[in-house]
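Undergrad: sequence isn't available, so here's the structure alone:
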């Protein structure tokens with residue numbers, strides 16, 4: 001670690017002409033990282049939410065109602081809502097599931113609550129739907145409270161397979177769909193939880209950086225995935241997605257979903273290989289518009305904007321949002337792509353000069 005920061009300091013002081021030294025330091029560190037991941041998804045009201053992971057308009061609701069019973073916590077509730085709707089209060093599925101929490105009409109009629117106390121239970125109103133999701137979780141947890149094993153996992157299993165199945169098998173039933181659902185939500189909840197202590201490093205970092213480094217000097221292409229038809233060109237999230245695919249980790253296509261592919265280290269905890277994100281709204285990850293791969297010393301490799309080439313850029317800008325330490329489990333837990341264009345907002349151009 002010390003060797004990287006010494007090299008990074010030299011780069012910052014001497015300019016980008018010595019950037020190759022930074023990469024050498026990067027490989028010294030990233031190549032020796034050990035794997036691991038911290039934290040479970042168990043219940044409890046002391047779990048904080050990661051910076052900006054929940055849109056500001058819903059954060060207080062998720063934090064409050066995520067403490068309704070011991071089987072849930074705010075990060076778990078956030079993971080369920082994100083998995084169901086991507087924070088879209090107008091979402092509607094082909095199966096007629098409605099709103100930010102994706103209640104079907106029959107379930108809403110029985111379990112919907114008037115969360116904001118205005119005398120109306122509205123499935124399309126997050127101030128009703130989010131409390132209803134938490135309330136329904138807690139009711140399920142109560143139904144299966146005598147089953148063996150984790151109360152949180154049993155609650156999630158009941159949400160997916162029904163309380164009867166959990167009671168029948170005295171725990172998570174042997175259904176692959178249900179077992180995958182339990183794992184998905186518990187893994188995904190880690191990306192919404194405020195980390196406790198330092199975030200474990202990634203084993204994939206060096207290989208992802210190696211791929212990105214080979215693309216230095218490639219001209220940016222909006223929507224670019226690096227295909228032959230596109231001349232091997234990328235936009236920002238296309239580059240990060242391709243870099244991590246070389247190590248068997250499949251990221252979503254857009255930057256604001258890539259933010260949820262792992263836990264979130266603080267700025268002073270960044271390690272090579274972390275994804276770094278940028279937004280004009282620092283309270284809402286859904287507004288993220290740019291991503292790069294951190295290489296150390298305050299720099300990233302990124303595909304900046306139309307007319308620019310893949311290059312090294314500083315990360316310490318006013319629009320720096322935060323970072324994600326990608327894990328295979330975190331990436332696998334993410335729902336399918338919600339957009340086919342770059343970065344969710346249609347543009348990833350940085351307001352920086354060549």
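TA: On my side now, so go ahead. No experiment lies behind these values; they were computed from the predicted model shown. Residues are numbered from 1 along each chain as shown.

Undergrad: for residue 299, give me phi and psi.
TA: phi -120, psi 160 (degrees, to the nearest 10).

Undergrad: how close does it sit to residue 293?
TA: Going from residue 299 to residue 293 by C-beta to C-beta, to the nearest Å gives 10 Å. Every residue, glycine included, has its C-beta placed from N, CA and C.

Undergrad: any regions of the chain where pLDDT drops low?
TA: 1-45, 336-354 (pLDDT under 70).

Undergrad: show me where it has its helices.
TA: For the chain, helices defined by DSSP state H occupy the ranges 2-14, 19-30, 56-65, 74-85, 105-111, 126-143, 151-161, 163-169, 176-189, 205-214, 236-245, 255-258, 328-333.

Undergrad: now the ones you listed as CSV including distance to residue 309 and mean neighbour count?
TA: Listed next are the helices of the chain as CSV, based on distance: least, C-beta to C-beta, whole Å; neighbours: other C-beta atoms under 10 Å:
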stretch, distance to residue 309, mean neighbour count
helix 2-14, 19, 15
helix 19-30, 14, 20
helix 56-65, 35, 18
helix 74-85, 34, 26
helix 105-111, 51, 14
helix 126-143, 42, 22
helix 151-161, 46, 24
helix 163-169, 55, 18
helix 176-189, 35, 19
helix 205-214, 13, 21
helix 236-245, 12, 26
helix 255-258, 19, 27
helix 328-333, 27, 20
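
Undergrad: could these go into a markdown table alongside distance to residue 220?
TA: As requested, the helices of the chain are arranged in a markdown table below (distance: least, C-beta to C-beta, whole Å):
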| stretch | distance to residue 220 |
| --- | --- |
| helix 2-14 | 23 |
| helix 19-30 | 19 |
| helix 56-65 | 30 |
| helix 74-85 | 29 |
| helix 105-111 | 45 |
| helix 126-143 | 37 |
| helix 151-161 | 41 |
| helix 163-169 | 50 |
| helix 176-189 | 31 |
| helix 205-214 | 13 |
| helix 236-245 | 8 |
| helix 255-258 | 14 |
| helix 328-333 | 24 |
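
Undergrad: give me the residue at the spatial middle of the protein.
TA: Nearest to the mean C-alpha position of the chain, by C-alpha atoms, centre = their mean, lies residue 260 at 0.3 Å.

Undergrad: quick one: that one from residue 269, how far?
TA: Where residue 269 is concerned, residue 260 sits at a distance of 18 Å (C-beta to C-beta).
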